[in-house]
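A.B. asks: Got a predicted structure plus its sequence, pasted below:
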Amino acid sequence: MSSRIEIVSRVSGRRRWTVEQKLAVLRDAFGPEGCVRTACERHDVGSGSIYTWRRQAMSGELAGVRKLAEPAFAEVQISEQPALPAPTVAASSGGVIGIELPSGIRVSVDATVDADALSRVIGILTR
């Protein structure tokens with residue numbers, strides 16, 4: 001039989017923590033030499049409470065400062081796409097390339113067009 005006896009006591013019921021007490025526990029848990037497990041044992045608090053208090057402290061909720069929630073959605077109205085007039089093609093010494101997209105939009109370019117810019121424009125028009 002062992003001669004050593006360890007008594008583990010728990011506080012029954014809910015405890016009320018002040019903001020100062022919560023911040024002291026957080027400093028103990030997350031400070032330079034902090035350890036969550038040690039803080040739990042030292043202050044007789046569960047690790048779930050410590051992480052909840054940390055989240056609240058980071059959001060400002062623990063100090064009573066609540067940030068206003070940013071809107072998650074914005075109202076959007078979709079209207080008919082305006083009919084585009086047929087592009088006018090300027091005469092050039094090089095050949096003119098006509099591109100007709102499945103949506104009916106026609107694009108005309110000449111030999112001096114930048115290929116990357118044309119690719120971006122067609123990508124936007126085919127959306």
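C.D. replies: Ah, there it is. Numbers count the residues shown, from 1 in each chain.

A.B. asks: tell me the secondary structure for Ile97?
C.D. replies: In three-state terms, and counting by DSSP: H, G, I helix; E, B strand; the rest coil, Ile97 is strand.

A.B. asks: show me what contacts it?
C.D. replies: By Cβ atoms under 8 Å, 6 or more residues apart in numbering, the residues touching Ile97 are Ser108, Val109, Asp110. (Glycine included, C-beta is placed from N, CA and C.)

A.B. asks: one more time with 10 Å
C.D. replies: Residues near Ile97 by Cβ atoms under 10 Å, 6 or more residues apart in numbering: Val107, Ser108, Val109, Asp110, Ala111, Val113, Leu118.

A.B. asks: Let's see if you can find the most crowded of the residues you listed.
C.D. replies: Counting neighbours by other Cβ atoms under 10 Å, Val109 leads those with 19 neighbours.

A.B. asks: ok, now how distant is the residue nearest to that one when sequence neighbours are not counted from Ile122?
C.D. replies: Distance criterion Cβ to Cβ, 6 or more residues apart in numbering; nearest residue to Val109, sequence neighbours excluded, is Ile97 at 5.4 Å. As judged by Cβ to Cβ, to the nearest Å, Ile97 and Ile122 stand 12 Å apart.

A.B. asks: ok so Ile122 is a helix residue?
C.D. replies: Yes. Ile122 forms part of a helix when assessed by three-state DSSP.

A.B. asks: Just give me the neighbour total for it.
C.D. replies: Number of residues near Ile122 (other Cβ under 10 Å) recorded here: 13.
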